[in-house]
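Trainee: Give the three-dimensional model of this entry:
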Amino acid sequence: MTRQVLIFLHMDDEHPGYIADYLYKKGIPYRIVRSYQGEAIPQLDESMAGLVFMGGVMSANDDIPWIRQEIALIHSALQANIPVLGHCLGGQLISRALGAPVTTNPVGEVGWHQCFKQNNNHSIEWLENIGNPFMMFHWHYETFAIPDKAQLLFSSDHCHNQAYSYGDNVLAMQGHVEMTKPLLTEWITRWTDDLQVTAPSIQNYEQIKKSLSANIVALNQVAEQLYKRWSSTLSL
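Mentor: Residues are numbered from 1 along each chain as shown. Sure thing, here's the model as predicted:
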């Protein structure tokens with residue numbers, strides 16, 4: 001039996017971005033699941049080497065059947081010690097499965113903003129060889145609390161709870177470390193009308209686009225390290 005990573009998408013025509021590129025490069029099989037389009041959410045079984053949950057425009061608190069089902073699947077995976085990885089909405093779903101609330105962030109956080117490592121051994125382990133601070137792409141208005149027994153890894157000026165690890169094989173992130181140049185270009189082109197506001201925590205379309213190429217290169221280095229650490233826990 002070939003074990004594989006399941007990647008759950010939550011938006012039309014979305015690509016998983018760098019996580020898919022990384023898994024492909026490493027020869028790790030994966031399959032995309034679009035439960036929001038009505039695709040059945042599989043029950044946890046031995047074919048699942050790990051679960052990856054991407055972002056979305058909905059809230060982890062929305063009373064939507066597939067959201068409840070994905071949270072239930074995450075809960076089952078946690079109990080079975082299956083590696084789980086979450087980006088933005090995905091990180092919030094993991095938090096809900098761990099019993100931690102998802103609430104409105106004091107400010108919206110959109111665009112390129114620096115993140116700062118926490119001074120703990122878990123941050124050192126997950127962010128080995130990554131400079132401090134480092135750049136992350138953000139697009140969110142909610143935030144998760146840090147679950148019991150989880151370890152905060154890094155923060156930003158506008159959102160304290162940016163990422164945490166739980167156990168050895170769970171990583172939940174509020175930011176979008178998965179961005180590639182094609183994916184982010186598609187996002188800011190599709191939602192240009194939503195990128196007209198400028199504030200300390202919110203960049204507009206031109207600000208995001210200005211240093212996109214250089215920031216993507218730096219972001220991919222962060223993604224490479226985090227995905228390397230997470231994927232090292234997969235049993236294939």
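Trainee: Scan this protein for its longest strand.
Mentor: Counting residues, the longest strand found in the chain (DSSP state E) is strand 102-117.
Trainee: Which positions in that one come out as buried?
Mentor: 102, 105, 108, 109, 110, 111, 112, 113, 115, 117 (16 or more other C-beta atoms under 10 Å). (Glycine included, C-beta is placed from N, CA and C.)
Trainee: Contact partners for the most centrally placed residue in the chain?
Mentor: For the chain, residue 87 is the residue whose C-alpha lies nearest the centre (C-alpha atoms, centre = their mean; 1.1 Å). Residues near residue 87 by C-beta atoms under 8 Å, 6 or more residues apart in numbering: 19, 52, 53, 54, 55, 173, 175, 176, 177, 178.
Trainee: again, only this time at 6 Å
Mentor: 54, 55, 173, 178 (C-beta atoms under 6 Å, 6 or more residues apart in numbering).
Trainee: same check, this time on residue 76
Mentor: Counting by C-beta under 6 Å, 6+ apart, residue 76 touches residue 44.
Trainee: picking that back up, pLDDT score assigned to the residue nearest to the centre of the chain?
Mentor: As predicted, residue 87 sits at a pLDDT of 98.
Trainee: what angle do the strand or helix carrying residue 135 and strand 102-117 make?
Mentor: Taking DSSP states H and E as the definition, residue 135 sits inside strand 134-144. Put simply, strand 134-144 runs at 160 degrees to strand 102-117, going by axes from the mean of the first three to the mean of the last three C-alpha atoms, to 10 degrees.
Trainee: neighbouring strands for strand 134-144, and are they parallel or not?
Mentor: The pairing partners recorded for strand 134-144 under DSSP bridges are strand 102-117 (antiparallel).
Trainee: Tabulate the CA atom coordinates of the strand it pairs with in PDB.
Mentor: C-alpha atoms of strand 102-117 as PDB (Å, rounded to 0.1, in the frame of the first residue of the first chain):
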ATOM      1  CA  VAL A 102     -10.200  31.200  16.900                       C
ATOM      2  CA  THR A 103     -11.100  34.900  17.400                       C
ATOM      3  CA  THR A 104     -10.800  38.200  15.500                       C
ATOM      4  CA  ASN A 105      -7.300  39.600  15.400                       C
ATOM      5  CA  PRO A 106      -7.000  43.100  16.800                       C
ATOM      6  CA  VAL A 107      -6.100  44.300  13.300                       C
ATOM      7  CA  GLY A 108      -6.200  42.700   9.800                       C
ATOM      8  CA  GLU A 109      -2.700  41.600   8.700                       C
ATOM      9  CA  VAL A 110      -2.200  41.700   5.000                       C
ATOM     10  CA  GLY A 111       1.000  41.700   2.900                       C
ATOM     11  CA  TRP A 112       4.700  41.300   3.700                       C
ATOM     12  CA  HIS A 113       5.500  41.600   7.400                       C
ATOM     13  CA  GLN A 114       8.500  40.400   9.500                       C
ATOM     14  CA  CYS A 115       8.200  37.600  12.000                       C
ATOM     15  CA  PHE A 116      10.400  37.100  15.000                       C
ATOM     16  CA  LYS A 117      11.500  33.800  16.500                       C
END
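Trainee: following the longest strand of the chain, which helix or strand comes up?
Mentor: helix 121-126.
Trainee: which residues are in contact with the longest strand of the chain?
Mentor: So strand 102-117 is contacted by 60-61, 92, 95, 123, 127, 132-144, 154-156, 158-159, 162, 201-203, 208, 215 (C-beta under 6 Å, 6+ apart).
Trainee: Buried ones in the longest helix anywhere in the chain, by neighbour count?
Mentor: Scanning the chain for the helix with the most residues, using DSSP state H, yields helix 212-231. Neighbour-count burial for helix 212-231, counted by 16+ other C-beta under 10 Å, picks out 212, 215-216, 218-220, 222-227, 229-231.
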